[in-house]
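In: Here is my input; please provide its structure:
(4 chains)
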Number of protein chains: 2
Amino acid sequence: MTEIEPIRRTSLHSELVRRLKELIADGALRPGSKLVEKDLCDSFGVSRTPLREAIRALAAEGLLVLTPNRGATVATVTEDQILESFLVMGALEGLAGELAAPRITGAQMAALRAAHAAMLDCRRAGDLDGYYAQNRAIHDTIFDAAGNGTLSETRRMVHRRIVNLRFIARIGDEEWAIAIAEHEEMLVALEARDGPALGAVLRRHLESKRQQVARWLARQG
Amino acid sequence: MTEIEPIRRTSLHSELVRRLKELIADGALRPGSKLVEKDLCDSFGVSRTPLREAIRALAAEGLLVLTPNRGATVATVTEDQILESFLVMGALEGLAGELAAPRITGAQMAALRAAHAAMLDCRRAGDLDGYYAQNRAIHDTIFDAAGNGTLSETRRMVHRRIVNLRFIARIGDEEWAIAIAEHEEMLVALEARDGPALGAVLRRHLESKRQQVARWLARQG
DNA sequence: TTACAGAATTATGTATACAAAATTACGCTT
DNA sequence: AAGCGTAATTTTGTATACATAATTCTGTAA
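Out: Just a heads-up that it's a prediction; the model follows:
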């Protein structure tokens, strides 16, 4: 029996949204750089119509900035906006913690412990990418456990502004130790199913990250 | 000297975004209703190209939902999403309060007191629209005073989901009394420049609103 | 009458064509 | 050579045309 071909029910413009997001996330399209429609059409092999729809969608999401009659540029994020975002993330993660602690399932708890262990391995191995991935998995799981889709979606919007920091951030030994200690506090609060405690730990965790980033930014101007 | 004509530097699609947002906010386009491109083109007097760009932008913002090959519908908000949104709003307003209290200016404080007084007048006059406007002004001022643009923007996104409740919500006497008492607590915390206190009041304020809405929704199913 | 198959119509998705604004190139003047 | 104004080119904005999927209509059979 021949395998069923994966019919493409997706439209060109939504596919373009996906691809452009990747290019921006990977840094292939740098913040501030201009998007020339013709060039992108040629490289993607599509006409301007779906490309422009994709550009408008990304602009509405805040990833691009439109200037009338002058096209789109990749949105830039100022240092102030980064620090602002950490404050907002603190409030969101705090709420996530409060909601997650009484609701987390055994499977989610196990996933969290596994991710934490994997994160420690990554640290020992000096695997920075792996560390970020595991860290991300931990926080994702907490938001999943919170069971509030609006919260998760809101977090995604804000998180996008700070995720690119991974390109420039170097984590010092003591900073790493702090982060791991805070993560272990999270596990304790989760096991105790203590929502307020987990919320407090997460708020503190985000605040210490914010201060780390503030120091990095101050150091390199 | 003839007055300078206001040149329209705005594009059709961004204008369409504005108009469509209005139609959705006013309830002229009901949640769940389908947007037929040709009909909208005829009524706006534009071609499909800019209209579709506007539709894609609104979909990216979450106001519309796209179904492949089947067009756009106005996003529906479930009761769960409304209650979720109040939880997120609580976290955001709490942070706004913490930041605003130490930073608020004299002018902003005066505006707050004026809006509060006007809100009381609206209550006495039974002016529900005025009440909502003043209430909105109070919370806007607090977010302005917080001085965190990311926070304000995040709040706007979440607020959109619950703003349409004003169409269905009837405020009982005791609910009104609670809201006013909480607003007066806010003014006290602001005068004391006590961030944590203002944050706590705002979190409590949003939580009591959430519970009110939960009761309304439960009552009318 | 109801159910269903297939044609006709309508709506959406994409490409192309045309208009207007912005950018670049070029030549002129100083 | 530098500055500036104008023409040529490029790029964006909008309209139209064509292709394909979805819906509606219609006629036939049970």
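
In: What helices and strands are in contact with the helix or strand harbouring A:His159?
Out: Assigned by DSSP states H and E, A:His159 falls within helix A:149-163. Contacts defined by 3 or more C-beta pairs under 8 Å, 6 or more residues apart in numbering or on different chains; DSSP states H and E place helix A:149-163 against helix A:79-100, helix A:128-146, helix B:79-103, helix B:149-163. (Glycine included, C-beta is placed from N, CA and C.)

In: That helix: which residues count as buried?
Out: A:Thr150, A:Leu151, A:Ser152, A:Glu153, A:Thr154, A:Arg155, A:Met157, A:Val158, A:His159, A:Arg160, A:Arg161, A:Ile162 (16 or more other C-beta atoms under 10 Å in any protein chain shown).

In: Same check on stretch A:61-71?
Out: For stretch A:61-71, by 16+ other C-beta under 10 Å, it's A:Glu61, A:Gly62, A:Leu63, A:Leu64, A:Leu66.

In: does chain B sit close to the top helix by length along chain A?
Out: If you go by DSSP state H, chain A has its longest helix at helix A:195-220. No. Judged by C-beta under 8 Å from any C-beta of the partner chain, helix A:195-220 stays clear of chain B, getting no closer than 9.3 Å.

In: and the angle from that helix to helix B:79-103?
Out: Relative orientation of helix A:195-220 versus helix B:79-103 (axes from the mean of the first three to the mean of the last three C-alpha atoms, to 10 degrees): 50 degrees.

In: got the angle between the host helix or strand of A:Ala115 and helix A:128-146?
Out: Applying DSSP H and E as the criterion places A:Ala115 in helix A:106-125. For helix A:106-125 against helix A:128-146, the angle between stretch directions is 160 degrees (the same axes, to 10 degrees).

In: Rounded mean pLDDT for stretch A:35-48, please.
Out: The pLDDT scores in stretch A:35-48 average 97.

In: That stretch close to DNA strand D?
Out: Yes. If you take C-beta under 7 Å from any atom of the strand as the test, stretch A:35-48 does meet DNA strand D, through A:Leu35, A:Val36, A:Glu37, A:Lys38, A:Arg48.

In: Distance of the closest residue to the first one other than its chain neighbours relative to B:Thr76?
Out: This points to A:Leu35. Excluding its sequence neighbours, the residue lying closest to A:Leu35 (C-beta to C-beta, 6 or more residues apart in numbering or on different chains) is A:Ala72, at 4.5 Å. Per C-beta to C-beta, to the nearest Å, A:Ala72 is found 30 Å from B:Thr76.

In: Between the two, which has more neighbouring residues?
Out: Neighbour totals were compared for A:Ala72 and B:Thr76, and A:Ala72 leads with 22 against 11 (other C-beta atoms under 10 Å in any protein chain shown).
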